[in-house]
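missing the sequence, but the structure's below:
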């Protein structure tokens, strides 16, 4: 650990030799590295020190078993080997480390910062009992805002006991804390509330509530998993955030006194932002936040312009499918600019993440490259609330309804988990790349939710639930697949087990459907565009 001041190294500490904790957390989920207000102490998060491992067999004379093979749960994908985080305070002058006591043993702390006047620490605590569930891509895990007093060691809960929270940010005047809050379980990246806790009155209020339907002013709610560390304006009255608004990523400013939300994109002080579109790589722009009420006068200066890809055209489309769906859907369509009128290009459908995340009209190399090679690319997303959360049986998806305008096809008998499975089984003329498949759809909490059931950690799966999950699983409808299929998954993927992909692969092979599989040794698959295009001609 190096301590620098004005380009000069002041101190070098070897945290390993101090032997107070395990590896320091550097991730965005738990990790932090925060100076105290007096800049004499440093706050960070590390793995709790584990007891020295004893051999499993102690010997016949003792008759005891050691901890050599003891199992430790971790927090899942990209948080592997991170099991029990602890808050640590480094005294810079004395080179001493204190591991904070007083935090409940059933809580994993993270995203911590110093309370006003250095009286204690504020942090997010995630409940890890009865067991840990993957956290990196799932902001819907039960958690709360806590405060631990450094003098007394007392730990106090500041926010709701039955929600999921993240990104607490202290205002510059040290009076208020804003944070994001959403429901537990359900969609991974659901619409969040912006809440504010007053440090001195101890009162919490909702600044911007979750939005179920788009408001009359067009605001659809906060879809963001993280607030910027510097989201407060200098006057401690407004909060800036970047989040998806339909198919676009928008810069929003929120007046914390009134809850008014204003877009800054089309028209803090000092902001540096990255701007891009599906046919133009990112460039950097700077701008100053105007005074309250003058946000429409916002102007940007581009630091270095990037060249748009003139041979790629794109558009966002919205349409309403027939009943029973009552939602308006939004998709992004990319296609080569020079194409013969009336021609039908091969179409690649990318519906990954739906309905638990969102794709916006920004630059993706993975979509631009196939478009330059002559393919059309459809980025489709499902409205979170329209699937099993309000309808237990949906007979038509928006992706399929949209593609039917290009390639007529009969609707599938049920919704199910995998959009690529719908398309591949009923449109033999459409080649497509399926990034991930969940063939079995059992014993996974989101599979229950997508089948229309509530999930709890103590739930016991009944035969009727298993039957419904199977009926909506891709493996149930594998006999209807006629289109060549490309399966891609990560060997160590904790979200989508690769064994399920192999199960689907074998089922297709047994039916003599052309199928190819790519297994990446890492956790997350990074598609190789040329390889995909090559296999699309199966």
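Now that the structure is in, tell me what you want to look at. Predicted model, so just to flag it, every value in this text is computed and none were measured.

Looks like residue 131 contacts residue 142 (just checking).
No - taking contacts as C-beta atoms under 8 Å, residue 131 lies outside contact range of residue 142: 12.0 Å. Any C-beta I mention is one placed from the backbone N, CA and C, and that applies to glycine too.

in stretch 285-293, what's buried?
Within stretch 285-293, the residues that qualify as buried are 285, 287, 289-290, 292, counting by 16 or more other C-beta atoms under 10 Å.

Between the two ends of it, how far is it?
Taking C-alpha to C-alpha, to the nearest Å, the first and last residues of stretch 285-293 lie 22 Å apart.

mean confidence for it?
Here stretch 285-293 scores 82 as its mean pLDDT.

Next: stretch 188-197.
The average of the pLDDT scores along stretch 188-197 is 92.

coming back round to it: more neighbours: residue 131 and residue 142, which one.
Between residue 131 and residue 142, residue 142 has the larger neighbour count (other C-beta atoms under 10 Å), namely 20 against 7.

ok, so what distance separates the more buried one from residue 72?
Distance, residue 142 to residue 72, using C-beta to C-beta, to the nearest Å: 20 Å.

Return the closest of the buried residues of stretch 285-293 with respect to residue 500.
residue 285 (43.4 Å; C-beta to C-beta).

who's in contact with the closest one?
272-275, 300-303 (C-beta atoms under 8 Å, 6 or more residues apart in numbering).

For the stretch 401-538 of the chain, give me the ranges with low pLDDT.
Residue ranges of the stretch 401-538 of the chain with pLDDT under 70: 401-446, 450, 522-538.

Name the SS class of the closest residue to residue 209 other than its chain neighbours, please.
Computed as C-beta to C-beta, 6 or more residues apart in numbering, the closest residue to residue 209 that is not its neighbour in sequence is residue 193, at 5.5 Å. Put simply, residue 193 is strand when judged by DSSP: H, G, I helix; E, B strand; the rest coil.

Residue 193 contacts residue 178, correct?
No - here residue 193 lies out of contact with residue 178, judged by C-beta under 8 Å, at a distance of 10.6 Å.

Residues that sit against both of these two, list them.
Common contact partners of residue 193 and residue 178 (C-beta under 8 Å, 6+ apart): residue 207.

Look at the two and report which has more neighbours.
Taking other C-beta under 10 Å, residue 193 and residue 178 do not tie; residue 178 has more neighbours (22 against 19).

Format the buried residues of stretch 285-293 as a markdown table; extra columns: secondary structure and distance to residue 449.
Shown next, in a markdown table, are the buried residues of stretch 285-293 (DSSP: H, G, I helix; E, B strand; the rest coil; distance: C-beta to C-beta, whole Å):
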| residue | secondary structure | distance to residue 449 |
| --- | --- | --- |
| 285 | strand | 39 |
| 287 | strand | 40 |
| 289 | coil | 39 |
| 290 | coil | 42 |
| 292 | coil | 41 |
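
Sketch out the low-pLDDT regions of the stretch 151-300 of the chain for me.
Within the stretch 151-300 of the chain, the segments meeting pLDDT under 70 span 265-269.

Can you tell me which of the contacts of residue 285 are buried?
273, 275.

any chance of the contacts of residue 285 in JSON lines, plus distance to residue 23 and secondary structure?
Output for the contacts of residue 285, formatted as JSON lines (distance: C-beta to C-beta, whole Å; DSSP: H, G, I helix; E, B strand; the rest coil):
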{"residue": "272", "distance to residue 23": "32", "secondary structure": "strand"}
{"residue": "273", "distance to residue 23": "34", "secondary structure": "strand"}
{"residue": "274", "distance to residue 23": "31", "secondary structure": "strand"}
{"residue": "275", "distance to residue 23": "37", "secondary structure": "strand"}
{"residue": "300", "distance to residue 23": "41", "secondary structure": "coil"}
{"residue": "301", "distance to residue 23": "42", "secondary structure": "strand"}
{"residue": "302", "distance to residue 23": "41", "secondary structure": "strand"}
{"residue": "303", "distance to residue 23": "37", "secondary structure": "coil"}
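
Let me see the ranges of the helices in the stretch 401-538 of the chain.
419-426, 445-450, 463-471, 498-510, 529-535 (DSSP state H, counting those that start in this stretch).

returning to what we had before: just curious, which of the buried residues of stretch 285-293 is nearest to residue 239?
residue 289 (11.2 Å).

The contacts of residue 285: which two are farthest apart?
Farthest pair in the contacts of residue 285, by C-beta to C-beta: 274 and 301, 13.9 Å.

So which of the buried residues of stretch 285-293 is the closest to residue 95?
residue 289 (40.8 Å).

Centre-most residue in this protein?
Centroid-nearest residue in the chain: residue 137, 3.8 Å away (criterion: C-alpha atoms, centre = their mean).

List the contacts of that one.
77, 188-189, 357, 495.

if we can go back for a sec, including distance to residue 469, could the contacts of residue 285 go into JSON lines?
Output for the contacts of residue 285, formatted as JSON lines (distance: C-beta to C-beta, whole Å):
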{"residue": "272", "distance to residue 469": "46"}
{"residue": "273", "distance to residue 469": "43"}
{"residue": "274", "distance to residue 469": "41"}
{"residue": "275", "distance to residue 469": "42"}
{"residue": "300", "distance to residue 469": "49"}
{"residue": "301", "distance to residue 469": "53"}
{"residue": "302", "distance to residue 469": "50"}
{"residue": "303", "distance to residue 469": "51"}
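
Closest one of the contacts of residue 285 to residue 502?
For the contacts of residue 285, the nearest to residue 502 is residue 274 (38.7 Å; C-beta to C-beta).

which SS class is the residue lying closest to that closest one once chain neighbours are set aside?
Spatial nearest neighbour of residue 274, excluding adjacent residues (C-beta to C-beta, 6+ apart): residue 282 at 4.6 Å. Under three-state DSSP, residue 282 falls in the strand class.

Hmm, residue 365 and residue 282 touching each other?
No - assessed by C-beta under 8 Å, residue 282 is found out of contact with residue 365, at 10.9 Å.

how much space is there between residue 452 and residue 297?
48 Å.

for residue 359, same thing?
Computed as C-beta to C-beta, the residue 359 to residue 297 distance reads 31 Å.

next one: residue 216
Distance of residue 216 to residue 297, given as C-beta to C-beta: 24 Å.

between the two, which one's more packed in?
Taking other C-beta under 10 Å, residue 216 and residue 297 do not tie; residue 297 has more neighbours (9 against 5).

pretty sure the more buried one is in contact with residue 290, am I right?
Yes - counting by C-beta under 8 Å, residue 290 is a contact partner of residue 297 at 5.2 Å.
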